[in-house]
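Q: could you look at this predicted model? Sequence included:
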Protein chains: 2
Amino acid sequence: MSAVSTNAPKITWPAQLPGHRLTFDADQPLRLDSGAELGPFTIAYQTHGTLNAERSNAILVCHALTGDQYVIGQHPVTGKPGWWQFMVGPGKPIDTDRYFVISSNVLGGCLGTTGPKDVNPATGRPYGTSFPVITIADMVRAQKLLIDHLGIEKLFCVTGGSMGAMQVLQWAASYPERVFAAVPIAGAARHSAQNIAFHEVGRQAIMADPDWCEGDYLVESKIPRRGLAVARMAAHITYLSETALHRKFGRNLQNRQKVTYGFDADFEVESYLRHQGSTFVDRFDANSYLYITRAMDYFDLAVEFGGALPNAFRGSKVRYCLISFTGDWLFPTSESRAIVHALNAVAANVSFVEIKSDKGHDAFLLDEPEFAKTLNGFLNGCAEHRGLTHR
Amino acid sequence: MSAVSTNAPKITWPAQLPGHRLTFDADQPLRLDSGAELGPFTIAYQTHGTLNAERSNAILVCHALTGDQYVIGQHPVTGKPGWWQFMVGPGKPIDTDRYFVISSNVLGGCLGTTGPKDVNPATGRPYGTSFPVITIADMVRAQKLLIDHLGIEKLFCVTGGSMGAMQVLQWAASYPERVFAAVPIAGAARHSAQNIAFHEVGRQAIMADPDWCEGDYLVESKIPRRGLAVARMAAHITYLSETALHRKFGRNLQNRQKVTYGFDADFEVESYLRHQGSTFVDRFDANSYLYITRAMDYFDLAVEFGGALPNAFRGSKVRYCLISFTGDWLFPTSESRAIVHALNAVAANVSFVEIKSDKGHDAFLLDEPEFAKTLNGFLNGCAEHRGLTHR
């Protein structure tokens, strides 16, 4: 009766994920916000386009909770197109004929960058919940090491949606001299009580699954499939708008003329959610889900700056463009507006565009022409100021 | 690490719940929408106040998903006040000095009315998932038998919030000659795709719990505590508004000065949600949760009336008062407005009040003076028309 069987096959992580690796040895550990040190550690990343001679055309794309470094091209695990296919590529707003696009898997992730599913060399066993809790600032610290490694003194732009926007804000606040332009999309300067609540439901669903094994499921050759699927289902609802759900599914029945008076997926929306849950389990690590949601919950940029958000941006020469979507109730426009107010308070260079869309939070992943036009226009303007010529 | 331990004590249902019982024998089964027949079956109910000689002062109060017949007074399981303490009682809008208040546990419930945790006399075992799937109309059918039994030809009023409002609408549509006034609060004429989606997450959380035992947990002396707690946590978020969560908790930490860089409930909102989950398990049956959420999902009043909602109310002499709350995103004002439009289309007698409140869907359970004033005013007006004098 349940959507996800415990007998389903385990995730098969590709032996060799495509893309680049940057590894820091145990003697170069990353000092984390928690005080813990992580080392050795690896950053998995992808690049598209060509870095110009001046090394001035690099755009760092930061991914969201369940995203990864595969922004375009066929995904090595799912076989589907990358998550930002509409925005990145030749002739797209983030034009790979013009810019050098860098995207890395976040710290704590499960697509090549060190995370809880990886083996702790000190014990020879997967970290599980012995992996240190990481923050958005830790993710950005790791990314900065990558940017240093690539010899890029100043990123032309840092951008990303949702948790990606949190990283963008952290980049601009922590390393303003390393960022020319910042585009946080559908984000917030701190995670709201409601969003923490939804994350906590997801974590509890995972931890309630006996196959989670107190985090040691890999050692036990198990996967908390059911718990992770429930977590994904709950989260997925928050990524869509009520309007989008209504338009897409309404009360349509799933391949039947009448309700069955049972607990099967009578409604299309149920079938869709179950599918979202069960396919997610085949591409994502449950402990990574715990760690990354926790990093988002902990995010509150102002705290680092004496409790006042404007301090995070004081004196910054970064050019900001904030983008939100009308139908997004997870990261509503009010969150972006609060950031704009803080930026205005320190006379920062800021644009703000609210895109009309009823597609919910996921709008930033979708083909939204006004959104693409906005990002394209902003990047073109910045490119001119940065002296980037068309190739 | 998980909020709900599987070793926690089982629910102890009081041997004898206070209140009345009306039992129909096996030779008087209830014919359900599914085509199944349920019998014998019992309706557990409470009354407050005195039925007048004309039997014209009865108000039927219909409860929501996790409510019950204990609208006022100490709850026999939780020891807490009844769910509508602010609205029902001497001198309250639903004045027990003036009206005869009837409230019954819904069919499929777990507080005395026959539901999945009860023993099926045909097998000698608890029904579990062999209990027939019931609908809102089935709940109302059972209530009508109770009203017949009490010798009440016409209810002065039927009212209730959320799923209670669904029952109110069904009453008015199915038995218009038996209802003088109808007050559906924070309701809808059909369950939305988003709401079905949230219910499906809750059901999947329950069914994912191995202690659910495919529905036979009572036979196995188990309780799917973790799954039911996760279901409750997810649902509870939808009962509150983002504003209420922010005001109540914000990003406040739970009895600590700093985050712990772990997965304990660092934030007050996490602790609150875990508490909501674990206490719910002590008062509610998991299979009842499956059945009652399913009844709500199936609710679509128009379908019964040729697909056009106005047909449900055509020729009706019922006086309607619809009430919604501005901060309710689960049953938003637009849902009540759709019902008002249908009532207007058949020139029904209808009032509609949207109460300003930022407390979310749960506002109908809370001390909201404007809400109380609205209900009080409407009932007073109706009482005058009905010829009910003050005692």
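A: Received it, and whenever you're ready, just let me know what you need.
Q: C-alpha only now, for contacts and for neighbours.
A: Noted.
Q: so residue A:23 bridges to which residues?
A: On the basis of DSSP bridges, residue A:23 takes part in beta bridges with residue A:42.
Q: next up, the contacts around the residue nearest the centre of chain A.
A: Here the mean C-alpha position of chain A is nearest to the C-alpha of residue A:64 (Cα atoms, centre = their mean), at a distance of 1.1 Å. Taking Cα atoms under 8 Å, 6 or more residues apart in numbering or on different chains as the contact definition, residue A:64 lies against A:160-164.
Q: let's have those residues in JSON lines, adding secondary structure and distance to residue A:79.
A: Shown next, in JSON lines, are these (DSSP: H, G, I helix; E, B strand; the rest coil; distance: Cα to Cα, whole Å):
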{"residue": "A:160", "secondary structure": "strand", "distance to residue A:79": "22"}
{"residue": "A:161", "secondary structure": "strand", "distance to residue A:79": "22"}
{"residue": "A:162", "secondary structure": "coil", "distance to residue A:79": "23"}
{"residue": "A:163", "secondary structure": "helix", "distance to residue A:79": "23"}
{"residue": "A:164", "secondary structure": "helix", "distance to residue A:79": "23"}
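Q: how about those in CSV, adding distance to residue B:83?
A: Written out in CSV, the entries for those read as follows (distance: Cα to Cα, whole Å):
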residue, distance to residue B:83
A:160, 45
A:161, 42
A:162, 38
A:163, 39
A:164, 43
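Q: in JSON lines, list those along with neighbour count.
A: Formatted as JSON lines, the entries for those read as follows, by neighbours: other Cα atoms under 10 Å in any protein chain shown:
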{"residue": "A:160", "neighbour count": "25"}
{"residue": "A:161", "neighbour count": "28"}
{"residue": "A:162", "neighbour count": "24"}
{"residue": "A:163", "neighbour count": "27"}
{"residue": "A:164", "neighbour count": "25"}
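Q: wait, which of those residues is closest to residue B:389?
A: Within the set of those, residue A:162 lies nearest residue B:389; the separation is 60.0 Å, counting by Cα to Cα.
Q: got a pLDDT number for the closest one?
A: As predicted, residue A:162 sits at a pLDDT of 98.
Q: separation between it and residue A:329?
A: 12 Å (Cα to Cα, to the nearest Å).
Q: now do the strands in the stretch 151-300 of chain A.
A: For the stretch 151-300 of chain A, strands defined by DSSP state E, counting those that start in this stretch occupy the ranges A:155-161, A:179-185.
Q: can you redo the ones you listed as CSV with distance to chain B?
A: CSV is the format used below for those (distance: least, Cα to the nearest Cα, whole Å):
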stretch, distance to chain B
strand A:155-161, 21
strand A:179-185, 20
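Q: how about those in TSV, adding distance to residue B:366?
A: Compiled in TSV, these are given as follows (distance: least, Cα to Cα, whole Å):
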stretch	distance to residue B:366
strand A:155-161	37
strand A:179-185	37
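Q: quick one: which of the ones you listed is nearest residue B:278?
A: Nearest to residue B:278, of those and by Cα to Cα, is strand A:155-161 at 34.6 Å.
Q: could I have the closest one exported to CSV, CA atoms only?
A: Taking only C-alpha atoms (Å, rounded to 0.1, in the frame of the first residue of the first chain), the coordinates of strand A:155-161 have been written out as CSV:
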residue,chain,number,x,y,z
LEU,A,155,34.2,36.3,-10.0
PHE,A,156,32.2,38.2,-12.6
CYS,A,157,29.0,36.9,-11.0
VAL,A,158,27.7,34.6,-8.3
THR,A,159,24.2,33.4,-8.8
GLY,A,160,21.8,30.7,-7.7
GLY,A,161,18.2,30.1,-6.5
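Q: partner strands of that strand, parallel or antiparallel?
A: Strand A:155-161 is paired, per DSSP bridges, with strand A:58-62 (parallel), strand A:179-185 (parallel).
Q: for those strands, give me JSON lines that also has mean pLDDT and mean neighbour count.
A: Formatted as JSON lines, these follow (pLDDT from 0 to 100; neighbours: other Cα atoms under 10 Å in any protein chain shown):
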{"stretch": "strand A:58-62", "mean pLDDT": "98", "mean neighbour count": "27"}
{"stretch": "strand A:179-185", "mean pLDDT": "98", "mean neighbour count": "27"}
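Q: which residues in the stretch 151-300 of chain A form helices?
A: All helices of the stretch 151-300 of chain A, identified by DSSP state H, counting those that start in this stretch, fall at A:163-174, A:193-208, A:225-239, A:242-248, A:268-281, A:286-298.
Q: can I get those helices in JSON lines including distance to residue A:98?
A: Written out in JSON lines, the entries for the helices of the stretch 151-300 of chain A read as follows (distance: least, Cα to Cα, whole Å):
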{"stretch": "helix A:163-174", "distance to residue A:98": "21"}
{"stretch": "helix A:193-208", "distance to residue A:98": "37"}
{"stretch": "helix A:225-239", "distance to residue A:98": "31"}
{"stretch": "helix A:242-248", "distance to residue A:98": "35"}
{"stretch": "helix A:268-281", "distance to residue A:98": "34"}
{"stretch": "helix A:286-298", "distance to residue A:98": "32"}
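Q: okay, these in TSV with distance to chain B next?
A: What follows is the helices of the stretch 151-300 of chain A, written out as TSV (distance: least, Cα to the nearest Cα, whole Å):
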stretch	distance to chain B
helix A:163-174	16
helix A:193-208	5
helix A:225-239	6
helix A:242-248	6
helix A:268-281	6
helix A:286-298	8
